[in-house]
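Chemist: No letters, just coordinates:
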């Protein structure tokens, strides 16, 4: 598509979404226009991510996409924590983790596998991702196991200690993967496709696209909550699936875009890397932020949420650990996501 035409469509869709958000009383119109705008903005973010990855490599490109994508979720969750909506925050965290590991990775593997018989990415990275996913799972299960009999202040203290440990572990992982051992976790082979923009412009495009995605995502979350409640959906289902899917729309499109260009390494970094960032950095940061905003938000998740995260981690590790993917493995991930989605809907 012509670049000028593409940005014209982005501008028109954003203008319509802004008009509906600020001037219309119809929640349906707000929801539809914001959804359309997210699609075009997500495509913009995907192009910016691919261009940045050309200069920095799939590891850095995927990390930047996951980070910028999660920034919007972190900001929204921060305000939810400030208002004391802890259960909704935890549900959205759960939805973001399983959505990335099952929906984003599943669609990427499926669509990439339909075009290429087998896709490969760095096996060392796959192994480390599996270990980090296991760490995140252990950290979330421990508070739930030890909650019985503990007074609230000790549960909160345990949550704070775990939050600090996870943040430190994540920072050390970034140092390990991007500084001391980056040669072991680099791309398997270089990509010779031409970037859309120069290095500086690519970074500016990534920042600008992320800003507008965050803005429209907030509009969309507000309208989808009202529409969903009108349809009788539970807060657990809305937080874990509806809001999580919409909030990750940009990352979804970027991962799919890269996988279909045989850039499965970058797609995996976006999907798995985003889940790890949420579990090891975003969630612990919100726990620490709650210390300054009011009552401490503990890191104790419900049995529904823990089961979903545990199942997602198990199947994602099983499929991605060998560093190879095919379309049927994408089907398996999506099947688990549909099962969990159905269970959450009825729960």
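Modeler: Alright, I've got the coordinates. These numbers come from a predicted model, not from an experiment.
Chemist: Tell me the buried residues in the longest helix belonging to the chain?
Modeler: Criterion DSSP state H: the longest helix present in the chain is helix 199-230. By 16 or more other C-beta atoms under 10 Å, the buried positions in helix 199-230 come out as 202-203, 205-206, 209-210, 212-225, 227-228. For glycine as for every other residue, the C-beta is placed from the backbone atoms N, C-alpha and C.
Chemist: Residue 174 versus residue 180, what's the distance?
Modeler: From residue 180 across to residue 174, the span is 10 Å (C-beta to C-beta, to the nearest Å).
Chemist: same question, residue 243
Modeler: Distance from residue 243 to residue 174, by C-beta to C-beta: 27 Å.
Chemist: Compare the two (neighbour count), which wins?
Modeler: Using other C-beta atoms under 10 Å as the criterion, residue 243 and residue 174 rank with residue 243 on top: 26 against 12.
Chemist: For that one, list the residues it contacts.
Modeler: For residue 243, the contacting residues are 92, 95, 221, 224, 225, by C-beta atoms under 8 Å, 6 or more residues apart in numbering.
Chemist: Now do the strand or helix carrying the second one against helix 199-230, angle only.
Modeler: Secondary structure assigned from DSSP states H and E places residue 95 in helix 86-98. Helix 86-98 and helix 199-230 meet at an angle of 130 degrees, taking axes from the mean of the first three to the mean of the last three C-alpha atoms, to 10 degrees as the criterion.
Chemist: Show me the shaky parts of the stretch 101-250 of the chain.
Modeler: Filtered on pLDDT under 70, the stretch 101-250 of the chain yields the residue ranges 185-196, 225, 235, 247-250.
Chemist: And the helices in it?
Modeler: For the stretch 101-250 of the chain, applying DSSP state H, counting those that start in this stretch gives helices covering 105-115, 123-146, 152-175, 199-230, 235-237, 243-247, 249-259.
Chemist: I'd like those helices as TSV, with distance to residue 35 appended.
Modeler: Putting those into TSV (distance: least, C-beta to C-beta, whole Å) gives the following:
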stretch	distance to residue 35
helix 105-115	17
helix 123-146	30
helix 152-175	32
helix 199-230	7
helix 235-237	18
helix 243-247	8
helix 249-259	9
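Chemist: wait, which of those is closest to residue 335?
Modeler: Taking C-beta to C-beta, helix 105-115 is the member of the helices of the stretch 101-250 of the chain nearest to residue 335, at 8.4 Å.
Chemist: What is that closest one packed up against?
Modeler: With contacts defined as 3 or more C-beta pairs under 8 Å, 6 or more residues apart in numbering; DSSP states H and E, helix 105-115 has these neighbours: strand 119-120, helix 249-259, helix 264-277, helix 303-320, strand 324-325, helix 327-346.
Chemist: Out of those, which gets the lowest mean score?
Modeler: The stretch with the lowest average pLDDT out of the helices and strands packed on helix 105-115 is helix 249-259, scoring a mean of 76.
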